[in-house]
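Student: Let me see the structure of the following:
(one chain, ligands or ions: 7)
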Amino acid sequence: MALHALLTRLLLLSAAASAAAAAGDDNCRLSGCDALASYLIARDQNLTYIASLFGFSDYRALKTYNPGVSNMDYIQAGQSVNISFRCGCQTLAKSPFSSYLAGSFPYKVASGEIYSSIAGHFNGLTTTDWLDKANSYPTNNIPDTGTVNVTVNCSCGNPGISKEYGLFLTYPLNGQTLASVAANYSFNSREQLDLLKKYNPGMDTNTSGLVFIPVRDANGSYHPLTSPGQPRSLCKLIMLPY
Ligand SMILES: *[C@@H]1O[C@H](CO)[C@@H](O)[C@H](O)[C@H]1NC(C)=O
Ligand SMILES: *[C@@H]1O[C@H](CO)[C@@H](O)[C@H](O)[C@H]1NC(C)=O
Ligand SMILES: *[C@@H]1O[C@H](CO)[C@@H](O)[C@H](O)[C@H]1NC(C)=O
Ligand SMILES: *[C@@H]1O[C@H](CO)[C@@H](O)[C@H](O)[C@H]1NC(C)=O
Ligand SMILES: *[C@@H]1O[C@H](CO)[C@@H](O)[C@H](O)[C@H]1NC(C)=O
Ligand SMILES: *[C@@H]1O[C@H](CO)[C@@H](O)[C@H](O)[C@H]1NC(C)=O
Ligand SMILES: *[C@@H]1O[C@H](CO)[C@@H](O)[C@H](O)[C@H]1NC(C)=O
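Tutor: Numbers count the residues shown, from 1 in each chain. Ligands and ions are numbered 1, 2, ... in the order given. The predicted model follows:
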């Protein structure tokens, strides 16, 4: 590699690393984890379509994490389904270029679509602003044949809060509060709610936005954290766009 190119790369590396550090991405770890998202089904949406948004060619693959759905072929608007996905370190394509934990789902745009119409398909799991920051296309000019990376925030837990929980559900509040969602997932006591507040700082009274709830997997395990995770700085370097 030419010296000039090498120097440019080093400069980019340090610029991105300090931008990421400024954003305080405490949980961005090299290895990532499995995660779940709760998708609230809207009118006129079927499971084939919803599964395809998240890269599943067959909606029946969603059955494992939806034991509460008795019939996958008959599901109604207003119900929620769990979507399983890989939660990993992503880097914003626009300023401040920080890294964060999310699932990334390629979405082939239809002619004339804009970030807000795309976010609209995801029923609160992402926002217009977040899609704009996560993608390199200009805010008001997505190419007709483009593919947008739809990123859905997620959590892999935090050994500084508890080592017992390693599987998290990304839940869009859609009018509920952290306390009401927590209660629905068996976090009823005051101590348990305090714990959930630590995973969701600043969300005590909010009724929109995302919260992260520790959940059991299909085998009934909370996936305890086994190792404290990889050095945080590594993922920033590896995920850098050249
Ligand atoms: C599912 O929804 C998609 C997108 O709205 C639609 O094109 C498709 O025909 C629907 N499939 C069924 C079986 O209703
Ligand atoms: C979604 O997953 C959570 C955690 O495993 C579980 O409590 C809930 O029942 C699941 N939802 C459905 C519809 O099965
Ligand atoms: C995703 O997480 C980042 C960093 O915490 C936050 O700034 C952003 O608003 C979140 N996006 C959504 C859609 O909640
Ligand atoms: C989507 O993500 C891929 C892989 O990280 C990246 O190469 C591509 O540039 C991203 N697309 C946009 C529109 O930002
Ligand atoms: C409570 O959780 C169950 C299982 O995930 C879900 O089906 C139901 O919609 C939730 N209820 C509320 C009010 O969030
Ligand atoms: C919660 O709501 C408050 C008041 O609207 C807002 O200032 C704050 O940014 C929200 N918190 C998060 C984490 O989105
Ligand atoms: C449940 O346990 C079985 C047997 O140990 C394993 O093969 C499977 O991957 C586990 N499922 C989940 C969701 O962890």
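Student: Give me the residues contacting stretch 42-53.
Tutor: By CB atoms under 8 Å, 6 or more residues apart in numbering, the surrounding residues in contact with stretch 42-53 are 39, 41, 57-59, 61-62, 72-73, 75, 77, 81, 83, 105, 107, 121-123, 150. (C-beta placed from N, C-alpha, C; glycine too.)
Student: can you tell me if that stretch touches ligand 2.
Tutor: No. Using CB under 6 Å from any ligand atom, stretch 42-53 stays clear of ligand 2, coming no nearer than 11.9 Å.
Student: End to end on that stretch, go ahead and measure it.
Tutor: One end of stretch 42-53 sits 14 Å from the other (CA to CA, to the nearest Å).
Student: quick one: the helices in the protein?
Tutor: Counting by DSSP state H, the chain has helices at residues 3-23, 47-53, 115-120, 128-134, 178-184, 190-199, 232-238.
Student: re the thing from before, just the contacts of stretch 42-53: which are in strands?
Tutor: When DSSP state E defines the strands, the subset of the contacts of stretch 42-53 inside them is 39, 81, 83, 105, 107, 150.
Student: Next, name the residue at the spatial heart of this structure.
Tutor: Centroid check for the chain by CA atoms, centre = their mean gives residue 153 as the closest residue, at 2.3 Å.
Student: Which residues does the closest residue to it other than its chain neighbours form beta bridges with?
Tutor: If the residues on either side of it in the chain are set aside, residue 153 comes closest to residue 102, at 5.1 Å by CB to CB, 6 or more residues apart in numbering. Note on residue 102: beta-bridge partners by DSSP bridges are residue 88, residue 153.
Student: Would you mind measuring from residue 102 to residue 188?
Tutor: 29 Å (CB to CB, to the nearest Å).
Student: more crowded one of those two?
Tutor: residue 102 (25 against 12; other CB atoms under 10 Å).
Student: Would you enumerate the residues in contact with the more buried one?
Tutor: Going by CB under 8 Å, 6+ apart, the list of residues near residue 102 reads 87-88, 90, 134, 151-154.
Student: hmm, 10 Å instead?
Tutor: When contacts are counted by CB atoms under 10 Å, 6 or more residues apart in numbering, residue 102 is found next to 28, 32, 35, 85-90, 126, 130, 134, 149-154, 170.
Student: filter these down to the ones close to ligand 4.
Tutor: Okay, of the contacts of residue 102 touching ligand 4 (CB under 6 Å from any ligand atom), that's residue 149.
Student: Pull out the buried members of the contacts of residue 102.
Tutor: Buried members of the contacts of residue 102, counted by 16 or more other CB atoms under 10 Å: 28, 32, 35, 85, 87-90, 126, 130, 134, 149-154, 170.
Student: out of everything not next to it in sequence, what's closest to residue 64?
Tutor: Among residues not flanking residue 64 along the chain, residue 218 sits closest, at 5.1 Å (CB to CB, 6+ apart).
Student: just checking, the one you found touches residue 62?
Tutor: No. Contact between residue 218 and residue 62 fails when scored by CB atoms under 10 Å: they sit 11.3 Å apart.
Student: Have a look at those two and say which one is more surrounded.
Tutor: Ranked by neighbour count (other CB under 10 Å), residue 218 and residue 62 place residue 62 first, with 21 against 12.
Student: Spit out the contact partners of the nearest residue to residue 162 once chain neighbours are set aside.
Tutor: In this structure, residue 162 finds its nearest non-sequential neighbour in residue 195, 6.5 Å apart by CB to CB, 6+ apart. The neighbours of residue 195, taking CB under 10 Å, 6+ apart as the test, are 161-162, 164-165, 182, 187, 189, 214.
Student: got it, and residue 174?
Tutor: Counted by CB under 10 Å, 6+ apart, residue 174 has contacts 38, 40, 80, 123-124, 181, 207-209.
Student: All set, thanks.
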